[in-house]
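A.B. asks: Pasting the sequence and the predicted coordinates here, then a few questions.
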Amino acid sequence: MQRPIQCPHCGNDITDEDALLCLFCGESLKREIGVLGKLRANGIIIVFLVLLAFALLAVFL
Ligand SMILES: [Zn+2]
């Protein structure tokens with residue numbers, strides 16, 4: 001699902017999901033926060049899987 005982002009500098013809508021710079025004014029869209037958020041979400045899933053693995057080990061041992 002594609003959701004348009006708004007440039008924080010000029011306010012234009014950016015429809016390119018992978019765009020790091022604004023197409024209109026060339027300023028950074030500061031998507032690092034979004035990438036970090038995704039990494040954090042993946043980290044939570046990994047931690048959950050590790051805990052699940054330990055729980056399974058505890059059951060089998
Ligand atoms: Zn802009």
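C.D. replies: It's in.
A.B. asks: Helices of this structure, start to end?
C.D. replies: Using DSSP state H, the helices found in the chain span residues 32-60.
A.B. asks: Flag every residue of it that's near the ion.
C.D. replies: Counting by C-beta under 5 Å from the ion, the chain comes close to the ion at 7, 9-10, 22, 24-25. (Each C-beta comes from the backbone N, C-alpha and C, glycine too.)
A.B. asks: Just the buried residues from the residues you listed, in ChimeraX please.
C.D. replies: Applying 16 or more other C-beta atoms under 10 Å to the residues of the chain next to the ion, the buried members can be selected in ChimeraX as follows:
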select :7,22
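A.B. asks: Now tabulate the residues of the chain next to the ion in a markdown table and tack on pLDDT and distance to residue 57.
C.D. replies: Formatted as a markdown table, these follow (pLDDT from 0 to 100; distance: C-beta to C-beta, whole Å):
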| residue | pLDDT | distance to residue 57 |
| --- | --- | --- |
| 7 | 86 | 49 |
| 9 | 86 | 51 |
| 10 | 92 | 54 |
| 22 | 88 | 49 |
| 24 | 90 | 54 |
| 25 | 91 | 54 |
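A.B. asks: so can I have JSON lines of the residues of the chain next to the ion showing distance to residue 54?
C.D. replies: Below are those laid out as JSON lines (distance: C-beta to C-beta, whole Å):
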{"residue": "7", "distance to residue 54": "45"}
{"residue": "9", "distance to residue 54": "47"}
{"residue": "10", "distance to residue 54": "50"}
{"residue": "22", "distance to residue 54": "45"}
{"residue": "24", "distance to residue 54": "50"}
{"residue": "25", "distance to residue 54": "50"}
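A.B. asks: The residues of the chain next to the ion: which two are farthest apart?
C.D. replies: 9 and 24 (8.6 Å; C-beta to C-beta).
A.B. asks: quick one: which of the residues of the chain next to the ion is nearest residue 44?
C.D. replies: Closest approach to residue 44 among the residues of the chain next to the ion (C-beta to C-beta): residue 7, at 29.7 Å.
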